[in-house]
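Novice: could you work out the structure for the sequence below:
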Amino acid sequence: MNKDQFLTAALRNPTNEIITEELHRLALPDAWLVSGCLVQTVWNVLTSRAVDYGINDYDVFYFDLDTSWEAEDKVIRQLTDRLAPRGIAVEARNQARVHLWYPEKHGLPYPELHCSTQGIDRFLTRNTQIGIRRVRDAYEVYAPNGYDDVAALIVRPNPGPNFSAANYEAKARRWKALWPEITVLPADA
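Specialist: You can find the predicted model right below:
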């Protein structure tokens, strides 16, 4: 699978296109639609399921130097106001402030980030280290590990400073129940 094939499959879910268009209109700094909603849409296309099957919500990363909760909450409310009437649940997070709350919430270190793609690099699984965003009349894709695992339905751990084997295994269990075709590699792989 190459970038164009991935994008074609991911955008078969109209919600992914709606969100990227809305992010483009809002011009949030360094904003990306990321992770499961993209990969799970592709899995659904590959396994002939409804394009939105198994997707709980749609994750948005952006990077704003205003790390106040009030600024992030304003973005969350703005996206909710624009997308909730369409039945779209979005979870938006300012990657510039994750290090402020993550260690207390998860009990794991989380070094400060300097852009949204660094947040994508920290996902628990390598196959979900993907983000897309609308730029003018095209899409930019960030996929540091490529698309082979996505196409092969492989879930692979991404060890890093905030990796948790327990969280990885819980996520992989949920996915395996929804997509029995996937191959889940052990947390220590």
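Novice: helices along the protein, start to end?
Specialist: 3-10, 14-26, 36-46, 69-83, 98-106, 116-121, 148-151, 165-178 (DSSP state H).
Novice: deepest-packed of those, please.
Specialist: Looking across those with neighbours counted as mean count of other CB atoms under 10 Å, the highest average goes to helix 36-46: a mean of 23. Every C-beta, even on glycine, is put in place using the N, C-alpha and C of the backbone.
Novice: can you say which of the helices of the chain is nearest to residue 139?
Specialist: Residue 139 lies closest, by CB to CB, to one member of the helices of the chain: helix 3-10, at 5.7 Å.
Novice: measure how that closest one sits relative to helix 36-46, angle-wise.
Specialist: Angle, helix 3-10 to helix 36-46, by axes from the mean of the first three to the mean of the last three CA atoms, to 10 degrees: 90 degrees.
Novice: before we move on, back to that, comparing the helices of the chain, which gets the lowest mean pLDDT score?
Specialist: Ranked by mean pLDDT, the helices of the chain end with helix 98-106 at the bottom, a mean of 92.
Novice: centre of the chain to that helix, how far?
Specialist: Chain-centre distance of helix 98-106: 18 Å, with CA atoms, centre = their mean, to the nearest Å.
Novice: what's the answer for stretch 93-109, then?
Specialist: Distance, stretch centre to chain centre, for stretch 93-109: 16 Å (CA atoms, centre = their mean).
Novice: heads up, I number from 457, so please use that
Specialist: I'll keep to 457 as the first residue from here, and by that count the last item is stretch 549-565.
Novice: which residues are in contact with that stretch?
Specialist: With contact meaning CB atoms under 8 Å, 6 or more residues apart in numbering, stretch 549-565 is reached by 486, 515-525, 527-528, 531, 566-569, 571-572, 574-575, 617-620, 623.
Novice: kindly check the end-to-end length of it for me.
Specialist: 17 Å (CA to CA, to the nearest Å).
Novice: just stretch 610-623 next, same as before
Specialist: Stretch 610-623 end-to-end distance (CA to CA) = 17 Å.
Novice: pull out the buried positions in it.
Specialist: Residues of stretch 610-623 classed as buried: 611-614, 618-619 (neighbour count, 16 or more other CB atoms under 10 Å).
Novice: least confident of those?
Specialist: By pLDDT, residue 618 ranks lowest within the buried residues of stretch 610-623, coming in at 85.
Novice: tell me the spacing between that one and residue 554.
Specialist: 9 Å (CB to CB, to the nearest Å).
Novice: need the residues touching each of those two.
Specialist: residue 566.
Novice: ok, and what's touching stretch 467-483?
Specialist: Residues from elsewhere that reach stretch 467-483 (CB under 8 Å, 6+ apart): 466, 487-489, 493-494, 497, 500-501, 507-508, 511, 514, 516, 518, 534-535, 538-539, 542, 544, 546, 588-591, 595.
Novice: mind checking pLDDT for residue 616?
Specialist: pLDDT, residue 616: 85.
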